[in-house]
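**Student:** What follows is a predicted structure for the sequence shown.
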Amino acid sequence: MKQLIIPALLALLIVGCSSTPDAPEQGGAPVEGRGAGVATVTAGGANGSNLPAILTDPKSILSKRSVYFDYDKYDVKSEYTELVTAHAKFLAGNRQFKMLVQGNTDDRGSREYNLALGQKRADSIKKMLTMLGAREEQVESVSLGEEKPKNEGANEAAWAQNRRGDMLYNGEF
């Protein structure tokens, strides 16, 4: 009798643990929101993204997301103070938003050097954002080095476009 019960229990256990659903799912699992206070800004930018219009409207300073650097430098130039300040104020007033700052370089220099320089550029923007009111946990900085050029050319004009830090909001990265 024991010899028949054990195989029967094992067969029931295997059938009960099957991972194939009997019916197809309708719509998937619910998605959790990314923070409280979403009503602070209106969602739905002009480009169809989930970003608020103020971040995508070309007339808004917040639609500008790049800070450009001089050759071999990582200090934020004074001409970008207003831009970084506007993004810091936006982040301070909208704690549900997160930002990724990507540091970029031109293709001159070794890969290792450019990764380090790109990180210093991203970190300098992040430091400025947090000093102006954004929370540390809202802003992440990474280096892309020379891997994401804005301009593929090999002249000073192209290199100048590639020496930058890009500020991306959640939903854009």
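**Tutor:** Alright, I've got the coordinates.

**Student:** Give me the distance between Arg163 and Gly103.
**Tutor:** 10 Å (C-beta to C-beta, to the nearest Å). C-betas here are computed from N, CA, C, even on glycine.

**Student:** Quick check on the two: which one has the bigger neighbour count.
**Tutor:** Between Arg163 and Gly103, Gly103 has the larger neighbour count (other C-beta atoms under 10 Å), namely 29 against 24.

**Student:** quick one: pLDDT of the more buried one?
**Tutor:** Gly103 is assigned 98 on the pLDDT scale.

**Student:** Buried residues, the helix ranked longest in the chain. List them.
**Tutor:** For the chain, the longest helix by residue count, based on DSSP state H, is helix 111-131. Buried residues in helix 111-131, counted by 16 or more other C-beta atoms under 10 Å: 114-126, 128-130.

**Student:** Show the subsequent helix or strand relative to that helix.
**Tutor:** Heading C-terminal from helix 111-131, the first helix or strand you meet, by DSSP states H and E, is strand 139-145.

**Student:** okay, the angle between that next one and helix 111-131?
**Tutor:** Here strand 139-145 runs at an angle of 160 degrees relative to helix 111-131 (axes from the mean of the first three to the mean of the last three C-alpha atoms, to 10 degrees).

**Student:** what mean pLDDT does strand 139-145 have?
**Tutor:** 98.

**Student:** One more: stretch 155-170?
**Tutor:** Mean pLDDT, stretch 155-170: 98.

**Student:** now swap in stretch 61-72 and tell me
**Tutor:** 98.

**Student:** what's the burial count for Gln161?
**Tutor:** Using other C-beta under 10 Å: Gln161 sits among 17 other residues.

**Student:** my guess is it contacts Asn155, does it?
**Tutor:** No - in this structure, Gln161 is not within contact of Asn155 by C-beta atoms under 8 Å, at 10.4 Å.

**Student:** where along this structure do the helices fall?
**Tutor:** For the chain, the helices defined by DSSP H occupy 2-16, 53-56, 81-93, 111-131, 156-162.

**Student:** so can I have TSV of the ones you listed showing distance to Glu140?
**Tutor:** Shown next, in TSV, are the helices of the chain (distance: least, C-beta to C-beta, whole Å):
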stretch	distance to Glu140
helix 2-16	43
helix 53-56	17
helix 81-93	12
helix 111-131	8
helix 156-162	21
